[in-house]
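J.: whatever this is, show me its structure:
(one chain, ligands or ions: 1)
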Amino acid sequence: MPGKLYIVATPIGNLEDMTFRAVETLKSVDLVLCEDTRVALRLFNHFAIEKTTESYHQHSTLKKIGRIAGLLREGKNLALVSDAGTPGISDPGNQLIESLIQVFGTEIKIIPIPGPSAVTAALSICGFGSDRFIFAGFPPAKNKRKKFFEEALAYSFTALFYESTYRIIRTLEDIKALEPDKSRRIVICRELTKKFETIYRGTIEEAANDLKKGIIKGEFVFVLEGRVDKGG
Ligand code: SAM
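T.: Here you go, the predicted structure:
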């Protein structure tokens, strides 16, 4: 039997969000695959996790995946962490998992160690319906950007996406221009779990105005209220 691969969620800002199980798992494995070994080391130092690390990131090659498969074949237990939050959610992980399933089939045990993620944190406080929601990742920077927002606005259920600091205002302008319903609500979550955590709520216009009053810096999640069918 191959070794196990644990997919371990880590804090999105506040170190106190690290779970006991995440610490125990990271201490127990033979090797931790890290999106960035220097970032992981800071976390590991805080929790006294002394572990061999190796990088695994979005540019890792098939050769790297082959090496990881080799370690698992030897029976080594591995963990994967990203820089923050849950691996695989707009972070490396999916390609590795898919490849390992191709190599080992159902023999390989891939075990989630759940914990923080910016998308679930934002969803939990948005106040919109969360029985059905869609997470759309990052909007494209150029091509198909308009289509991305048109689709997000067309959903009748809550839509969440991440956005880079540099495009926050542009994104709000894009959404405003595409949404004819001026009462459509939005929640913009900035720096969740961190010192400067700020939640902007209101219509798209209100949230944009509030946001423009402050310093636009940090990490952001957008939550769009589902489209309300106004009938007619
Ligand atoms: N895997 C991570 C997760 O589970 O949330 C997401 C990684 S993705 C590369 C990074 C993006 O997530 C940021 O650009 C931002 O949009 C969002 N994000 C991460 N941490 C955040 C935080 N503390 N507050 C708000 N958004 C955050």
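J.: from here on, contacts and neighbour counts on C-alpha atoms
T.: Will do.
J.: dihedrals phi and psi, residue 70?
T.: The phi and psi torsions at residue 70 (degrees, to the nearest 10) take the values phi -60, psi -40.
J.: ok, it to the ligand distance?
T.: Distance of residue 70 to the ligand, given as Cα to the nearest ligand atom, to the nearest Å: 26 Å.
J.: now do residue 226
T.: Counting by Cα to the nearest ligand atom, the gap from residue 226 to the ligand is 20 Å.
J.: before we move on, what about residue 78?
T.: 19 Å.
J.: now for that residue, how many residues are close by?
T.: By the measure other Cα atoms under 10 Å, the count of residues near residue 78 is 23.
J.: which strand residues bridge it?
T.: residue 5, residue 31 (DSSP bridges).
J.: list the contacts of the one helix or strand residue 26 maps to.
T.: Per DSSP states H and E: residue 26 is located in helix 20-28. Under the criterion Cα atoms under 8 Å, 6 or more residues apart in numbering, residues 6, 8-10, 32, 47, 49-51, 79, 113 lie in contact with helix 20-28.
J.: out of those residues, which is nearest to the ligand?
T.: Comparing the contacts of helix 20-28 against the ligand with Cα to the nearest ligand atom places residue 9 closest, at 7.4 Å.
J.: how close does the spatially most central residue of the chain sit to residue 117?
T.: Of all residues in the chain, the one closest to the mean position by Cα atoms, centre = their mean is residue 89, 4.1 Å from it. Going from residue 89 to residue 117 by Cα to Cα, to the nearest Å gives 8 Å.
J.: now do residue 194
T.: Remark: distance between residue 194 and residue 117 (Cα to Cα) = 13 Å.
J.: and stretch 136-146, is it in reach of the ligand?
T.: No. Using Cα under 6 Å from any ligand atom, stretch 136-146 stays clear of the ligand, with a minimum separation of 7.5 Å.
J.: what residues sit buried inside that stretch?
T.: 136, 139, 146 (16 or more other Cα atoms under 10 Å).
J.: contact partners for the first one?
T.: Going back to what we said before, that points to residue 136. Neighbour list for residue 136: 152, 159-162 [criterion: Cα under 8 Å, 6+ apart].
J.: from the contacts of helix 20-28, list just the buried residues.
T.: Listed as buried from those are 6, 8-10, 32, 49, 51, 79, 113; burial here means 16+ other Cα under 10 Å.
J.: pick out the most distant pair among these.
T.: Taking Cα to Cα as the measure, the buried ones among the contacts of helix 20-28 span a maximum distance of 17.5 Å, between 51 and 113.
J.: in the host helix or strand of residue 206, what's buried?
T.: Taking DSSP H and E as the criterion, the element that holds residue 206 is helix 204-213. For helix 204-213, a neighbour-count test (16+ other Cα under 10 Å) marks 204-205, 207-208, 211 as buried.
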